[in-house]
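# sequence? don't have it. structure:
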């Protein structure tokens, strides 16, 4: 039974690693260029690279097939698809892949929970309970990872937006049109925020493809899911509709964004004292009590033992 648990653990870890590598996009272009620059491309076998690519492709196809079967059983997956878009997964197969990963995680965690409880020779009630817990964990954990990615991405956009807005104000006041200003800002802010650059570049591409600017800006706010981006898009649309000065509106909005960023920093600083209470009470104070009161307690115990 011990060997069976060890084997299942190894298979589980390998499957999880394969799922992660199949779900996360591989950034191979920069690595390939660096290898060619160092003249090391001859050390890597093309057959081996193609074999690994085929293996990942088979696994992705399997996950996509499972996800498509699950997607077909329910018509409305709009909320999950929107979360995937907010996380940066805009491909049509993103939803089937995510659902396939969830199904795979449910199967693996269910099997793992059942196997561990069987190895521990638990009762049938505990076996059923741990099996259900494993299935629930397999379904919840991918959603939690997706929510974490969405939150991290939105925080980066929210952090980079005031700087991008300042650059946009400078470009517009220098005489550029709003479309050209967006192109310029997308180029200049690439060192500060890669995500912001990608979103602005997609907006510029949509405008060049013939999408009305108001629709492209609303699509930007829907893709990011950030309230500040939505307010910026609404302000630009209303400014264009009513014919007011874009430069003046952008400057007022940029000042508002800077004020919001300062208020968020002050709020985070104010929360620091509250967040430090639990580490102090649970980790630092007990150690201090042991160091300070320990010798006194030992002396008191020795004194009472001598008196007795």
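That came in fine, so what should we check first? Given the structure is predicted, the values throughout are model-derived calculations rather than measurements.

# tell me which helix or strand of the chain sits lowest on mean pLDDT?
Lowest by mean pLDDT, DSSP states H and E among the helices and strands of the chain is helix 28-37, with a mean of 47.

# give me every residue that touches the residue nearest the centre of the chain.
Nearest to the centroid of the C-alpha atoms of the chain, with distances taken as Cα atoms, centre = their mean, sits residue 149, at 0.9 Å. By Cβ atoms under 8 Å, 6 or more residues apart in numbering, the contact set of residue 149 is 87-88. (C-beta placed from N, C-alpha, C; glycine too.)

# gap between it and residue 140?
Distance, residue 149 to residue 140, using Cβ to Cβ, to the nearest Å: 15 Å.

# Ok, residue 300 next?
For residue 300 relative to residue 140 (Cβ to Cβ), the value is 51 Å.

# for residue 220, same thing?
In this view, residue 220 and residue 140 are 31 Å apart by Cβ to Cβ.

# With residue 104 instead?
In this view, residue 104 and residue 140 are 14 Å apart by Cβ to Cβ.

# any idea of the pLDDT on residue 178?
Note on residue 178: pLDDT of 86.

# What of the one 4 residues further on?
We note a pLDDT of 88 for residue 182 in this prediction.

# I figured it hits residue 201, correct?
No: contact criterion Cβ atoms under 8 Å: residue 182 and residue 201 do not qualify, at 9.1 Å.

# between the two, who's got more neighbours?
Using other Cβ atoms under 10 Å, the more surrounded residue of residue 182 and residue 201 is residue 182, with 25 against 15.

# tell me which element that one is part of?
helix 178-188 (DSSP states H and E).

# Flag every buried residue along that helix.
Neighbour counts using 16 or more other Cβ atoms under 10 Å place 178, 181-186, 188 of helix 178-188 among the buried residues.

# And that helix, what does it pack against?
Applying 3 or more Cβ pairs under 8 Å, 6 or more residues apart in numbering; DSSP states H and E, we find helix 178-188 packed against helix 124-173, helix 194-208.

# Kindly calculate the angle that that helix makes with helix 194-208.
Here helix 178-188 runs at an angle of 150 degrees relative to helix 194-208 (axes from the mean of the first three to the mean of the last three Cα atoms, to 10 degrees).

# what number of residues lie near the nearest residue to residue 225 once chain neighbours are set aside?
Counting by Cβ to Cβ, 6 or more residues apart in numbering, residue 225 lies nearest to residue 86, which is 4.3 Å off, once chain neighbours are set aside. As a burial measure, residue 86 scores 22 neighbours (other Cβ under 10 Å).

# so who does residue 86 touch?
Shown in contact with residue 86 (Cβ under 8 Å, 6+ apart): 150, 153-154, 223-225.

# So for the helix or strand harbouring residue 101, what gets flagged as buried?
Using DSSP H and E, residue 101 falls within helix 94-119. Across helix 94-119, burial judged by 16+ other Cβ under 10 Å covers 94-106, 108-117.

# And that helix, what does it pack against?
Contact here means 3+ Cβ pairs under 8 Å, 6+ apart; on that basis helix 94-119 packs against helix 2-23, helix 46-72, helix 78-86, helix 124-173.

# distance between the ends of stretch 204-222?
Start and end residues of stretch 204-222 are separated by 15 Å (Cα to Cα, to the nearest Å).

# average model confidence for that stretch?
The predicted model assigns stretch 204-222 a mean pLDDT of 89.

# Give the buried residues for that stretch.
Buried residues in stretch 204-222, counting neighbours by 16+ other Cβ under 10 Å, are found at 204, 206-207, 213, 216-221.

# any weak-confidence spans in the stretch 101-250 of the chain?
Within the stretch 101-250 of the chain, no range satisfies pLDDT under 70.

# switch to 90 and redo it
Low-confidence segments of the stretch 101-250 of the chain, defined by pLDDT under 90: 101-143, 158-167, 172-184, 186-204, 206-211, 213-214, 221-229, 231-232, 236-250.

# okay, residue 300 and residue 140: which has more neighbours?
Taking other Cβ under 10 Å, residue 300 and residue 140 do not tie; residue 140 has more neighbours (14 against 11).

# Would you quantify the distance from that one to residue 210?
Going from residue 140 to residue 210 by Cβ to Cβ gives 42 Å.

# go on, residue 254?
29 Å.

# ok, and the closest non-adjacent residue to residue 237?
Counting by Cβ to Cβ, 6+ apart, the residue nearest residue 237 is residue 214, at 4.6 Å.

# What is the burial count for the closest residue in space to residue 224 that isn't next to it in sequence?
Among residues not flanking residue 224 along the chain, residue 157 sits closest, at 5.4 Å (Cβ to Cβ, 6+ apart). For residue 157, the neighbour count with other Cβ under 10 Å is 21.
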